[in-house]
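1. all I have is the shape, not the residue letters:
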Ligand SMILES: Nc1ncnc2c1ncn2[C@@H]1O[C@H](COP(=O)(O)OP(=O)(O)OP(=O)(O)O)[C@@H](O)[C@H]1O
Ligand SMILES: [Mg+2]
């Protein structure tokens, strides 16, 4: 569905060159659901804009839905849907008018467009607002309208740039339900960007991590976490048994470092284990046998943030604006 | 549903595609005034106010012979119509500016609409009220000695529409290049509009001015347009009309070429 080779975008701002996207290779098969994850300014939107023909690549190539984005931009546009990072509804327009016009832009007749608009507005919880002007909608309502606009023509390939930003949890869940249903019913291929890690984690099969315009990881969320982060294990023991436990843990954590903090006669060890849940019971048994029982144990599965931290040394959560 | 569109896109955007897309863009723009009837009525009546206040002063200010022996109204009214067209279509880019600031322009750019239709549709929206306004002021002026030649007037309005597409496309381009520096749009628009107007004899006969003005007016496409409208409003079709039509077509062609360039430059 999507193939890019060395896709690059430089911007020139007052004689300075900003390398927004630095030669990325992306391949997306039909029906895939892929999330671009990266901090602010990573180049997510720029990549999406090149794939949707809104920006001309500086160099490299991209084929989208079988067509070259530079040679046949009009053909590409007819085959895709795009929900940009900004608000798509014209400020002075009525919600329903914009929806119907959007359908007509894609060649739907008025009857179909009206029916589809009403269906989408209802399911995105906007039916009561159909006759409001866009400027009178709240941020979250506007975002839901953006999504509705993008879904009007049921595209086979859909690009979404931070679709859930500004939505409350209920509407985010609702949005995802929609996307998943579209996918199940029409086999839609979906490419989205997000900096909500939990979203990338739970919703998409495949996560492409972008930082400073380059792809630094591309795999399923589960593989990325297993390969790059591992479970975080924290054990507390009495200070007297610390030496014993240190030895045991050091052997278990072949790679990665072992942290420890002592307080109030207790020592707290922290380490990453690629297979922590599997290893923990055995570890507890050995500690017990060595006469150094654990006072408490905490096991945390890794998050994509841990992956990002491992890859870049920075946390996504801090917003890491560079 | 989307399949129909995909098949159409296989071919180059033909004239029928451009026409249909233009209609959609035009119609979306028209929704704004149509949904706000009060402002619509108000804007349609505005030229009447202008004409009512300015017309009576005109005859006494300039000697009657300069008006080519016609009644003042017969001479002045076509000028007003051209002026409305000028003001209206040169504002095409200003509505676009708002849409550039939000994501709605980008959303529309990502649809399969043909690029020229984006400009033509918007320009025609600025021109459309003129048809109503032009006919309205013509009818209102009949009791004051204006002789209405409906078909000629209609033809005159169509010429203005063609011209308006060109001017609208130029205004659209101006809005694109002045993105994030909105004041440039207004600066350029205002700076160009008034000299063009005065040097075309819209308000006052250019024949009354000095030689250099007469020469300058020959290089102003608007001059030919104004002359054509005067001829048509007087109920004649002749050389002036032909030159006016030519000036309009040339303006439209130049405007669209510049506009398409501006849109594709905007993707860099
Ligand atoms: N039109 C432009 N002109 C100049 N620089 C630009 C332009 N658009 C983007 N950039 C720069 O390119 C880089 C990548 O921007 P991009 O919008 O792709 O980031 P992003 O990953 O989408 O970030 P965010 O999460 O904040 O949306 C940034 O450094 C940005 O400042
Ligand atoms: Mg972005």
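-> Nice, I can see it. What you are looking at is a predicted structure, and each value in this text was computed from that prediction instead of being measured. Ligands and ions are numbered 1, 2, ... in the order given.
2. next helix or strand past the helix ranked longest in chain A?
-> Secondary structure of chain A per DSSP state H: the longest helix is helix A:169-186. Moving toward the C-terminus from helix A:169-186, the next helix or strand (DSSP states H and E) is strand A:189-194.
3. so residue A:235 belongs to a helix, correct?
-> No: Residue A:235: not assigned to a helix; according to DSSP: H, G, I helix; E, B strand; the rest coil it is strand.
4. related to what we said a few turns ago, please point out which parts of the longest helix of chain A sit buried.
-> Within helix A:169-186, the residues that count as buried by 16 or more other Cβ atoms under 10 Å in any protein chain shown are A:171-172, A:174-175, A:178-179, A:182-183. The way it works is simple: take the backbone N, C-alpha and C, and place the C-beta from them, glycine included.
5. the helix or strand containing residue B:248 close to ligand 1?
-> Residue B:248 is part of helix B:239-265 when elements are defined by DSSP H and E. No: shown here: helix B:239-265 not in contact with ligand 1 (Cβ under 6 Å from any ligand atom), separated by at least 12.6 Å.
6. give me the element residue A:281 is part of.
-> Using DSSP H and E, residue A:281 falls in helix A:276-289.
7. for that helix, name the packing helices and strands.
-> Judged by 3 or more Cβ pairs under 8 Å, 6 or more residues apart in numbering or on different chains; DSSP states H and E, the packing partners of helix A:276-289 are strand A:231-238, helix A:242-252, strand A:296-300.
8. what residues sit buried inside it?
-> A:276, A:279-280, A:283, A:286-287.
9. now these as CSV including pLDDT and distance to residue B:191?
-> Output for the buried residues of helix A:276-289, formatted as CSV (pLDDT from 0 to 100; distance: Cβ to Cβ, whole Å):
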residue, pLDDT, distance to residue B:191
A:276, 78, 70
A:279, 83, 76
A:280, 85, 76
A:283, 86, 79
A:286, 88, 84
A:287, 88, 83
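10. and the contacts of stretch A:205-218?
-> For stretch A:205-218, the surrounding residues in contact (Cβ atoms under 8 Å, 6 or more residues apart in numbering or on different chains) are A:9, A:19-26, A:32-39, A:42-44, A:46-47, A:200-201, A:219-221, A:224, A:228, A:304, A:307-308, A:311-312, A:322.
11. still on that earlier bit, in JSON lines, list the helices and strands packed on helix A:276-289 along with mean neighbour count.
-> Formatted as JSON lines, the helices and strands packed on helix A:276-289 follow (neighbours: other Cβ atoms under 10 Å in any protein chain shown):
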{"stretch": "strand A:231-238", "mean neighbour count": "19"}
{"stretch": "helix A:242-252", "mean neighbour count": "16"}
{"stretch": "strand A:296-300", "mean neighbour count": "13"}
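12. mean pLDDT for the ones you listed: which is lowest?
-> The stretch with the lowest mean pLDDT among the helices and strands packed on helix A:276-289 is helix A:242-252, at a mean of 83.
13. next SSE after it?
-> On the C-terminal side of helix A:242-252, the closest following helix or strand by DSSP H and E is strand A:259-263.
14. tell me what that following strand is packed against?
-> Counting by 3+ Cβ pairs under 8 Å, 6+ apart, the packing neighbours recorded for strand A:259-263 are helix A:242-252, strand A:266-273.
15. wait, a strand at residue A:167?
-> No: if the criterion is three-state DSSP, then residue A:167 is coil and not within a strand.
16. how close does it get to residue A:95?
-> 16 Å (Cβ to Cβ, to the nearest Å).
17. picking up where we left off before, for the helix holding residue B:248, buried residues please.
-> B:240-241, B:243-245, B:247-248, B:251-252, B:255-256, B:258-260, B:262-263.
18. narrow the contacts of stretch A:205-218 to those in strands?
-> Counting by DSSP state E, the contacts of stretch A:205-218 place A:9, A:19-26, A:33-37, A:219-220 in strands.
19. out of the residues you listed, which one sits closest to ligand 1?
-> residue A:20 (3.3 Å; Cβ to the nearest ligand atom).
20. which residues touch the closest residue to that closest one other than its chain neighbours?
-> Excluding the flanking residues, the one nearest residue A:20 by Cβ to Cβ, 6 or more residues apart in numbering or on different chains is residue A:46, at 4.3 Å. Shown in contact with residue A:46 (Cβ under 8 Å, 6+ apart): A:9, A:20-21, A:55, A:213.
21. 7 Å instead, please
-> Applying Cβ atoms under 7 Å, 6 or more residues apart in numbering or on different chains, we find residue A:46 in contact with A:9, A:20-21, A:55.
22. just the residues you listed that are near ligand 2?
-> When contact is defined as Cβ under 5 Å from the ion, those do not meet ligand 2 at all.
23. tabulate those residues in TSV, adding columns for pLDDT and neighbour count.
-> Below are the contacts of residue A:46 laid out as TSV (pLDDT from 0 to 100; neighbours: other Cβ atoms under 10 Å in any protein chain shown):
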residue	pLDDT	neighbour count
A:9	93	24
A:20	92	22
A:21	93	28
A:55	92	21
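24. before we move on, the earlier item: neighbour count: residue A:167 and residue A:95, which is higher?
-> residue A:95 (26 against 18; other Cβ atoms under 10 Å in any protein chain shown).
25. any idea how far that one is from residue A:128?
-> Taken as Cβ to Cβ, the span from residue A:95 to residue A:128 is 10 Å.
26. give the buried residues for stretch A:303-312.
-> A:303-310, A:312.
27. Provide the contact partners of that stretch at residue level.
-> So stretch A:303-312 is contacted by A:37, A:197, A:200-201, A:207, A:209, A:211, A:216-217, A:221, A:224-225, A:228-229, A:315-317 (Cβ under 7 Å, 6+ apart).
28. among these, name the ones in helices.
-> A:197, A:200-201, A:221, A:224-225, A:228.
29. next, count neighbours for whichever residue of chain A sits closest to ligand 2.
-> Going by Cβ to the ion, ligand 2 is nearest to residue A:45 of chain A, at 3.0 Å. Residues within reach of residue A:45, counting by other Cβ under 10 Å, total 20.
30. need the contact list for it.
-> Contact analysis of residue A:45 by Cβ under 7 Å, 6+ apart lists A:85, A:161, A:193.
31. could you dump the residues you listed into JSON lines with distance to residue B:106 and pLDDT added?
-> Formatted as JSON lines, these follow (distance: Cβ to Cβ, whole Å; pLDDT from 0 to 100):
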{"residue": "A:85", "distance to residue B:106": "9", "pLDDT": "91"}
{"residue": "A:161", "distance to residue B:106": "10", "pLDDT": "94"}
{"residue": "A:193", "distance to residue B:106": "15", "pLDDT": "92"}
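32. need those in a markdown table with distance to chain B and neighbour count, can you?
-> Output for the contacts of residue A:45, formatted as a markdown table (distance: Cβ to the nearest Cβ, whole Å; neighbours: other Cβ atoms under 10 Å in any protein chain shown):
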| residue | distance to chain B | neighbour count |
| --- | --- | --- |
| A:85 | 7 | 18 |
| A:161 | 9 | 25 |
| A:193 | 14 | 25 |
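33. in contact with the residue nearest to residue B:121 when sequence neighbours are not counted, which residues?
-> Leaving out its chain neighbours, the residue that sits closest to residue B:121 by Cβ to Cβ, 6+ apart is residue B:25, at 2.6 Å. Neighbour list for residue B:25: B:113, B:117-118, B:121-122 [criterion: Cβ under 7 Å, 6+ apart].
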